[in-house]
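**Q** whatever this is, show me its structure:
(one chain, ligands or ions: 1)
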Amino acid sequence: MMDRYSRQTLFAPIGAAGQKSIGAKHVLLIGAGALGTGNAEALVRAGVGKITIIDRDYVEWSNLQRQQLYCEKDAREKVPKAVAAKERLQLINSEVEINAHIADVTADMLDALVKKEGFDLLLDATDNFDIRMIMNDISQKHGVPWIYGACVGSYGISFTIFPGESPCLQCLLKTVPLGGATCDTVGIIAPAVGMVVAHQVAEALKILSGNGRDCNRKLVSFDLWKGQYVSLNVEKLKDPECLSCGENQTYPHLSFENQTKTAVLCGRDSVQIRPAETMPEGRNLGVLKELLITQGISVESNPYLMSFHVEGHRLVAFQDGRVLVHGTKDIARAKTLFHRYLG
Ligand SMILES: [Zn+2]
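**A** This is a model prediction of the structure:
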């Protein structure tokens, strides 16, 4: 145990003091997919003090090609990613305190969580641009740095944002193309994930070890298949009129909250429904399951979610009231099924 971090402390910029600092820090990781599992494993192995992981999904077979913490059993049993990740991470390093939440990130919950926990760093591992924009505002509002990361196909991009210093994601959006395709429409190869993770973790280790001044102030992007690597100086893009990071901050993405109750999941042929209220008292998954079974519907379940097939669609209901309707991008159709079987 004593020399667990010896190779890392031998690395001069970290040293014993840096290691001690890493061990005292708390990181919030949003998303436990490909980027999330890569980041989480590296930080847990590096001895971060505490990590909080939020993810809304469960493990599927198509995840196993690149989401390094999961195994076939997790996919077979549809284990929520937050739960499967925590279990595996705790086996890797029992000294790290790991909090895992199965939840959809909303502006309100993130605001409350960051206020309560006082994170030292926010790590972006989501596949969702709306959530990134919420993280961007939260980072500015609470003065916590965040590391943006995204990948698709053989392409990846990453940028470290220090509130009050760097241009924020909102500033970059005007000139740098950041959105577009997702891995569900054009696929992804694992090394593209690994490359973004490498950038994010290196930056994270600088910040957590007290070497934030060494952070890369450039936006990096690359295409591993084409062998292209770009490092872009974006400091000039900081916009004094930016509503997220400029002189008159209104944090616009923290107030659009109520508009995204129902969302088509990017390229997944699935709709997520998030009821306005949490499940009424006494109407938990167990009760819903009984009701479905009495209608002759066969239901698979684990302690966190239940899943069943109806009318050509698979519906997955989570304990927090969220429901995923697979096999459609049609919100009206998804809502009908939701009300017919779960509402
Ligand atoms: Zn900005």
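**Q** name the residues of the chain found near the ion, please.
**A** With the criterion set to CB under 5 Å from the ion, the chain comes near the ion through 168, 170-171, 242, 244-245. For glycine as for every other residue, the C-beta is placed from the backbone atoms N, C-alpha and C.
**Q** among these, which one has the most neighbours?
**A** residue 168 (29 neighbours; other CB atoms under 10 Å).
**Q** related to what we said a few turns ago, among the residues of the chain next to the ion, which are in helices?
**A** 170-171 (DSSP state H).
**Q** pull out the buried residues from the longest helix anywhere in the chain.
**A** If each helix of the chain is counted by residues according to DSSP H, the longest one is helix 190-208. Buried positions in helix 190-208, judged by neighbour count with 16 or more other CB atoms under 10 Å: 192-197, 199-208.
**Q** list the helices and strands the helix or strand just after that helix packs on?
**A** Helices and strands here follow DSSP states H and E; after helix 190-208, the next one along the chain is strand 218-223. Packing partners of strand 218-223 (3 or more CB pairs under 8 Å, 6 or more residues apart in numbering; DSSP states H and E): strand 155-161, strand 228-233.
**Q** mean neighbour count, those: which tops it?
**A** Highest mean neighbour count of those: strand 155-161, a mean of 25 (counted as mean count of other CB atoms under 10 Å).
**Q** what are the contacting residues of that strand?
**A** 136, 139, 145-151, 166-169, 172, 178, 192-193, 195-196, 199-200, 203, 207, 215-224, 234 (CB atoms under 8 Å, 6 or more residues apart in numbering).
**Q** pull out the buried members of these.
**A** So, by 16+ other CB under 10 Å, the buried ones in those are 136, 139, 145-151, 166-169, 172, 178, 192-193, 195-196, 199-200, 203, 207, 215, 219-222, 224, 234.
**Q** how near is the closest residue to residue 154 other than its chain neighbours to residue 200?
**A** Closest residue to residue 154 apart from its sequence neighbours, by CB to CB, 6 or more residues apart in numbering: residue 225 at 3.6 Å. Residue 225 sits 20 Å away from residue 200, going by CB to CB, to the nearest Å.
**Q** for residue 291, give me the pLDDT.
**A** At residue 291, the predicted lDDT confidence score is 84.
**Q** give me the element it is part of.
**A** Using DSSP H and E, residue 291 falls in helix 285-294.
**Q** now do that helix: distance to the chain's middle.
**A** Centroid separation for helix 285-294 versus its chain: 31 Å, with CA atoms, centre = their mean, to the nearest Å.
**Q** now do stretch 154-166
**A** The answer for stretch 154-166 is 15 Å, by CA atoms, centre = their mean.
**Q** first-to-last residue distance for it?
**A** 27 Å (CA to CA, to the nearest Å).
**Q** where does the stretch 101-250 of the chain dip in pLDDT?
**A** 177-184 (pLDDT under 70).
**Q** now do the phi/psi pair for residue 300.
**A** Here is the backbone geometry of residue 300 (degrees, to the nearest 10): phi -100, psi 140.
**Q** residue ranges for the strands of this protein, please.
**A** Using DSSP state E, the strands of the chain run over residues 26-30, 50-55, 97-102, 121-124, 146-152, 155-161, 218-223, 228-233, 262-265, 270-273, 299-301, 305-310, 313-318, 323-326.
**Q** pipe these into JSON lines and attach distance to residue 19 per row.
**A** Formatted as JSON lines, the strands of the chain follow (distance: least, CB to CB, whole Å):
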{"stretch": "strand 26-30", "distance to residue 19": "15"}
{"stretch": "strand 50-55", "distance to residue 19": "15"}
{"stretch": "strand 97-102", "distance to residue 19": "17"}
{"stretch": "strand 121-124", "distance to residue 19": "16"}
{"stretch": "strand 146-152", "distance to residue 19": "20"}
{"stretch": "strand 155-161", "distance to residue 19": "21"}
{"stretch": "strand 218-223", "distance to residue 19": "26"}
{"stretch": "strand 228-233", "distance to residue 19": "28"}
{"stretch": "strand 262-265", "distance to residue 19": "39"}
{"stretch": "strand 270-273", "distance to residue 19": "40"}
{"stretch": "strand 299-301", "distance to residue 19": "43"}
{"stretch": "strand 305-310", "distance to residue 19": "38"}
{"stretch": "strand 313-318", "distance to residue 19": "38"}
{"stretch": "strand 323-326", "distance to residue 19": "41"}
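**Q** which residues does residue 302 contact?
**A** Taking CB under 8 Å, 6+ apart, one finds 77-79 in contact with residue 302.
**Q** my bad, residue 315
**A** 307-309, 323-326, 337-338, 341-342.
**Q** for those, pick the one with the most neighbours.
**A** residue 325 (30 neighbours).
**Q** look up how far the ion lies from the nearest residue to it once chain neighbours are set aside.
**A** Among residues not flanking residue 325 along the chain, residue 334 sits closest, at 3.9 Å (CB to CB, 6+ apart). Between residue 334 and the ion the distance, using CB to the ion, to the nearest Å, works out to 34 Å.
**Q** between the helix holding residue 291 and strand 313-318, how big is the angle?
**A** With axes from the mean of the first three to the mean of the last three CA atoms, to 10 degrees applied, the angle from helix 285-294 to strand 313-318 works out at 150 degrees.
**Q** and helix 285-294, what's buried?
**A** So for helix 285-294, counting by 16+ other CB under 10 Å, buried means 285, 288-289, 292.
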